[in-house]
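A.B. asks: for reference, the sequence and a predicted model appear below.
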Amino acid sequence: RRGSAYASKKAHEYLQDKKPQDIKNITVIRHAAIGDFMNIRPFLIELRKFFPNAKVTLSVLKHYMYGIPYDLIDDIHVMRRYNEDGSKTGFFTRIKEAKTLPPQDIIFDLTDSTISLLLVILSKSKLKVGYPYRALKRTFFDVATLRSDFVVEAQSVLHMLNIFGAKTRTHLQYGLGEKFPKKDNKRIVYFAGASVKSKCWAEEKFTKLIDKMSEIYPDYEHVILQGIGENEKFLEVYEPLSYKENVFLQETMSIEDVMQFLVESRCLVSNDTGIRNIGIALQTPSIGIFFEIPPFRYWPREEKHDCVFNIEYTSPKVLDVYN
């Protein structure tokens, strides 16, 4: 239909005599942080299932390599947004790095940024697939699908495989259950950080929430999880509650230990951040606190996950999060 998913004449001609088994080299572009790596695990699982003989390369950014899903890929390609001194990389540097990617059968752009588009344009790929917001960008792709603001992003990217004929599962599979088997401890975890300060629910609100929760659920452990950043120690949240026997401050852990900790917990309460996406990937029930932006692209429609937000997209009240 007009304005719907798009496949060019070139795409039809290339795929006319191809079977999924014929595809040998695929690159997936995901220039983002750990939470976004978690979001694409279902895509990578379904990709490998549909293209069983393909070598899968993941293109990442140098300063966002924490949490790369090495178990689902064969190789990585690295580009840089920033130099060692913190300045932005120049145009010619980015061109040089983009050209280090070997020829591919298919390239999937799961980022839709200036750098990822440059890589798509310069790549020697026989088929270029993306889901650009702007219609003008479609001209750079042979296949383009739409991105919905009302479907969780992990589901939206699967449409890129559906257009090839892949029968992807509606219940998202993250492939972490074997490594991190589910255990059910009476523990509620709270994470007060986010990628930027503007996405952080006020620390005093977290304190009030945990205070209330620890009284209503005295037989649970209420754990404030520290992050890796200097601004993610959350002492302001914990110290007013440090006298409580069922409230704890968990110091910074490795990513593996964090995942083990979360999979053994009953619930995660968090801002819109990577920790929440890790919890979702581990099938740990979650409460996401949203304001300034709508939650729909980041909200799996499963009963175990919920989001708190209001129609004005202002900071939710403590009682709303508690309820």
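C.D. replies: Here it is on my side, so go on.
A.B. asks: got the buried residues for stretch 99-117?
C.D. replies: 101, 104-112, 115-117 (16 or more other C-beta atoms under 10 Å). Backbone N, C-alpha and C define where each C-beta goes, glycine included.
A.B. asks: now the residues you listed in TSV, with distance to Glu264 and pLDDT?
C.D. replies: Supplementary listing: the buried residues of stretch 99-117 in TSV, determined by distance: C-beta to C-beta, whole Å; pLDDT from 0 to 100:
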residue	distance to Glu264	pLDDT
Leu101	40	97
Gln104	40	97
Asp105	41	98
Ile106	39	98
Ile107	38	98
Phe108	34	98
Asp109	36	98
Leu110	30	97
Thr111	32	95
Asp112	36	94
Ile115	38	96
Ser116	36	96
Leu117	41	96
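A.B. asks: which ones among those lie within strands?
C.D. replies: Assignment to strands by DSSP state E places the following of the buried residues of stretch 99-117 there: 104-109.
A.B. asks: and of these, the nearest to Gly175?
C.D. replies: Within those, distances to Gly175 taken as C-beta to C-beta reach their minimum at Phe108, with 18.0 Å.
A.B. asks: pretty sure that closest one sits against Ile163.
C.D. replies: No. Using C-beta atoms under 8 Å, Phe108 is not in contact with Ile163, being 11.2 Å away.
A.B. asks: which two in the buried residues of stretch 99-117 are spaced the farthest apart?
C.D. replies: Between any two of these, the greatest separation by C-beta to C-beta is 21.9 Å, found for Asp105 and Ile115.
A.B. asks: burial count for Ser286?
C.D. replies: Residues within reach of Ser286, counting by other C-beta atoms under 10 Å, total 25.
A.B. asks: that should have said Lys197, apologies.
C.D. replies: Around Lys197 there are 8 residues (other C-beta under 10 Å).
A.B. asks: turn the buried residues of stretch 99-117 into TSV, including distance to Ser148.
C.D. replies: Shown next, in TSV, are those (distance: C-beta to C-beta, whole Å):
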residue	distance to Ser148
Leu101	29
Gln104	27
Asp105	27
Ile106	22
Ile107	22
Phe108	17
Asp109	17
Leu110	15
Thr111	17
Asp112	14
Ile115	24
Ser116	20
Leu117	21
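A.B. asks: now, which of the residues you listed sits nearest Val152?
C.D. replies: Set against Val152, the nearest of the buried residues of stretch 99-117 by C-beta to C-beta is Leu110 (13.7 Å).
A.B. asks: list the residues that contact that closest one.
C.D. replies: Each residue near Leu110 by C-beta atoms under 8 Å, 6 or more residues apart in numbering is listed here: 28-30, 40, 43, 131, 157, 160.
A.B. asks: swap in 6 Å and give it another go.
C.D. replies: 29-30, 40, 157 (C-beta atoms under 6 Å, 6 or more residues apart in numbering).
A.B. asks: please flag which of these sit within strands.
C.D. replies: Ile29.
A.B. asks: what ranges do the strands span in the stretch 101-250 of the chain?
C.D. replies: Secondary structure of the stretch 101-250 of the chain (DSSP state E, counting those that start in this stretch): strands at 104-109, 125-130, 143-144, 187-191, 221-225, 247-250.
A.B. asks: the fourth one pairs with which strands?
C.D. replies: In other words, strand 187-191. Strand 187-191 sits in its sheet next to strand 221-225 (parallel), strand 267-271 (parallel), going by DSSP bridges.
A.B. asks: also the second one?
C.D. replies: Each strand paired with strand 125-130, and its direction, by DSSP bridges: strand 104-109 (parallel), strand 143-144 (parallel).
A.B. asks: out of the ones you listed, nearest to Tyr174?
C.D. replies: Tyr174 lies closest to strand 104-109 among the strands paired with strand 125-130, at 18.3 Å (C-beta to C-beta).
A.B. asks: report the distance from the closest one to the chain centre.
C.D. replies: Centre-to-centre, strand 104-109 and its host chain are 20 Å apart (C-alpha atoms, centre = their mean, to the nearest Å).
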